[in-house]
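Asks: Prediction below, plus the sequence it came from.
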Amino acid sequence: MEAIEKREYPLEFRGSNLLALVPLVLFAFGCILFFVILKVFAMEALAMGGIVALIIGSVLAKSQAKYWEAVIKGMSSEMAGTIALILLVVGIFSYMMRAGQVTQGFVWLGSMVGLHGAAFCVFTFLATAIIATATGTSIGTLFSCFPILYPAGILLGAHPIFLAGAILSGAIFGDNIGPISDSTIASAATQSYTKIHGFADIGGVVKSRLRYSLIGGGIAVIGYSILGGRSMDSTQAQALLEQNSNPQGLIMLIPVVILLTVAVVKRNIFISITWGIVSGIIVGLATGILTPASIMSVQDGNLHGFLYRGILSMLGLVVYLYGVFGIMGVLQESGTLDNFIKALLKSKLAQTTPGTEIIIGLGVMLSACALGAANGPAIVMYGPVADKLGKSKNLHPYRRANLLDGLACSLPPLVPVTSAFIFIVVAVVNGMASDYSFIEPMNPFSMVFATLHCWGLFIAFVFSIITGWGRKYEGKDGQPVNTIAEAQ
């Protein structure tokens, strides 16, 4: 707080420094425009919105030179560079998992076991959760799992609404717990230590948040086992499953286990991803799941393969990321961000540790709602605020990261008028309705109470904030301790 009070801010705007908020407001408007109104679910569109917002904001500054210096300072921060590099490396692993047919492996497993009704609904949640955790992409999981599991599940007696909720729940589960998901990466890389240098390590963050995620997952399993079935059966479902099943896909879980093990032991995401990619290539080539061409090839002057596709898939998100950090640089160098944090710190709610955690949770949920439920980008935007707020109460970086990611993945994806996840589910299901006579168009509001994991996650974190369960403070050498006295 003293450092904030003494700091001088070089960036000024014409009339009022509140104009520093213009790029942020324009950026949020762009997110709503593309994700909510135009239904353009492309990170490249949001990246464009961020850069355009920065250009418009520069006109309002007294010194455009100082304005762009602030933008560059935000973009060149250690936090921005770390997250960008992690995302690029993670993109390769994610596309390697897709090429390795992990989804088809779980389809084969469900087909062999002969699951029906509510049991298929539970299996679908568990399968999509593992797939999303392994691939690190919730949206990619939705697009890959819905065309296979949804039609088959309906024919095998699963309830259509709860089946859709199970797929979305599994995708969000992986988004929250996956060590290579953008939300996990952002939540860890935006929370720094006070007693040692550096940011929260992803391995430690994932390990510490398992308690909350497993509660949400347990509630989902119980709910879908009760509500997920209805009377219906057909041989058409079995044919659909067989067409999209491959038992070899399960072998590619080996590099996932290696990645998770190394991440926990080494607590370095770059080392763990490297081991995951190398072991995945070896396992894939040895079993014939992957070929040299699927790794990288050139056809008609164009690159193909998961190495290239993995990098390409992350470029939009990385540019988006730099746009966000450019905006944060403007807010920081104009004093707007620090003034906002000072106001929060002086509020009555922030006088207690639970109150501070409530502010962190509400802030990230509102940010996520404003960005179309894009939880990773919302965490990138609100993470620096949560970092300073949490440090005022000596909360451990793991705790701050868990509050950010857990609450961003709870209710925001369920808001039917703003959630990109809901729009994607409805668009995919309604598209399949024209191909399958037994699939009915879906109302987005029906998904609100069918996505049980998100509600379970919200309940777990509300309980945690109220009771202090799982709350850790930063002790000597950055170690998590149970009480504030131990942290002194």
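Replies: Noted; the coordinates are in hand.
Asks: Leaving out sequence neighbours, find the closest residue to residue 292.
Replies: By the measure of Cβ to Cβ, 6 or more residues apart in numbering, the closest residue to residue 292 outside its immediate chain neighbours is residue 285, 7.6 Å from it. Backbone N, C-alpha and C define where each C-beta goes, glycine included.
Asks: Tell me how many other residues surround residue 258.
Replies: The tally of other residues near residue 258 (other Cβ atoms under 10 Å) stands at 18.
Asks: I meant to write residue 65 there.
Replies: Close neighbours of residue 65, defined as other Cβ under 10 Å, add up to 9.
Asks: Verify the stated contact: residue 57 with residue 25.
Replies: No - counting by Cβ atoms under 8 Å, residue 57 sits too far from residue 25 to count as a contact (9.5 Å).
Asks: quick one on the thing from earlier: quick check: the residue nearest to residue 292 vs residue 90, distance?
Replies: Computed as Cβ to Cβ, to the nearest Å, the residue 285 to residue 90 distance reads 21 Å.
Asks: State whether residue 282 is indeed within a strand.
Replies: No - going by DSSP: H, G, I helix; E, B strand; the rest coil, the assignment for residue 282 is helix, not a strand.
Asks: I'd like the distance between it and residue 252.
Replies: Counting by Cβ to Cβ, the gap between residue 282 and residue 252 amounts to 11 Å.
Asks: Those two: which is more packed in?
Replies: residue 252 (24 against 13).
Asks: More neighbours: residue 285 and residue 90, which one.
Replies: When neighbours are counted by other Cβ under 10 Å, residue 285 and residue 90 differ, and residue 90 comes out ahead with 28 against 14.
Asks: Count the residues that sit near residue 257.
Replies: Each residue near residue 257 was counted by other Cβ under 10 Å, and the total is 12.
Asks: what do you get for the one 3 residues further on?
Replies: Here the neighbour count serves as a burial measure; for residue 260 (other Cβ under 10 Å) it reads 20.
Asks: Let the chain start at 108 from now.
Replies: Taking 108 as the first residue, the last one we looked at is residue 367.
Asks: Now residue 363: closest residue in space, sequence neighbours ignored.
Replies: Nearest residue to residue 363, sequence neighbours excluded (Cβ to Cβ, 6+ apart): residue 241, at 4.5 Å.
Asks: Is there a neighbour count for the one you found? I'd like the number.
Replies: Neighbouring residues of residue 241 were enumerated by other Cβ under 10 Å; the total is 29.
Asks: so what secondary structure elements neighbour the host helix or strand of it?
Replies: Residue 241 is part of helix 224-242, with elements assigned from DSSP states H and E. Packed against helix 224-242 by the contact rule (3 or more Cβ pairs under 8 Å, 6 or more residues apart in numbering; DSSP states H and E) you find helix 185-206, helix 209-220, helix 245-262, helix 267-284, helix 309-334, helix 360-373.
Asks: can we see that at 6 Å?
Replies: In terms of contact count using 3 or more Cβ pairs under 6 Å, 6 or more residues apart in numbering; DSSP states H and E, helix 224-242 is assigned the packing partners helix 185-206, helix 209-220, helix 245-262, helix 267-284, helix 309-334.
Asks: Give me the mean pLDDT for it.
Replies: In this model, helix 224-242 has an average pLDDT of 89.
Asks: I'd like to check the angle between it and helix 209-220, please.
Replies: Between helix 224-242 and helix 209-220, the angle formed by their directions is 150 degrees, by axes from the mean of the first three to the mean of the last three Cα atoms, to 10 degrees.
Asks: Count the neighbours of the spatially closest residue to residue 273 that is not a sequence neighbour for me.
Replies: Excluding the flanking residues, the one nearest residue 273 by Cβ to Cβ, 6+ apart is residue 232, at 4.0 Å. Residue neighbour count, defined by other Cβ under 10 Å, stands at 29 for residue 232.
Asks: list the contacts for residue 232?
Replies: Under the criterion of Cβ atoms under 6 Å, 6 or more residues apart in numbering, the neighbours of residue 232 are 273, 276, 277, 327, 331.
Asks: redo that, cut-off 10 Å
Replies: Contacts were defined as Cβ atoms under 10 Å, 6 or more residues apart in numbering; by that measure residue 232 touches 269-270, 272-278, 280, 324, 327-328, 330-332, 335, 559-560.
Asks: where does the stretch 208-357 of the chain have low pLDDT?
Replies: 210, 338-345, 347-348, 351 (pLDDT under 70).
Asks: so what does whichever strand or helix holds residue 138 touch, helix or strand wise?
Replies: Remark: residue 138 resides in helix 129-138, with elements defined by DSSP H and E. Judged by 3 or more Cβ pairs under 10 Å, 6 or more residues apart in numbering; DSSP states H and E, the packing partners of helix 129-138 are helix 150-165, helix 413-440, helix 460-477, helix 482-499.
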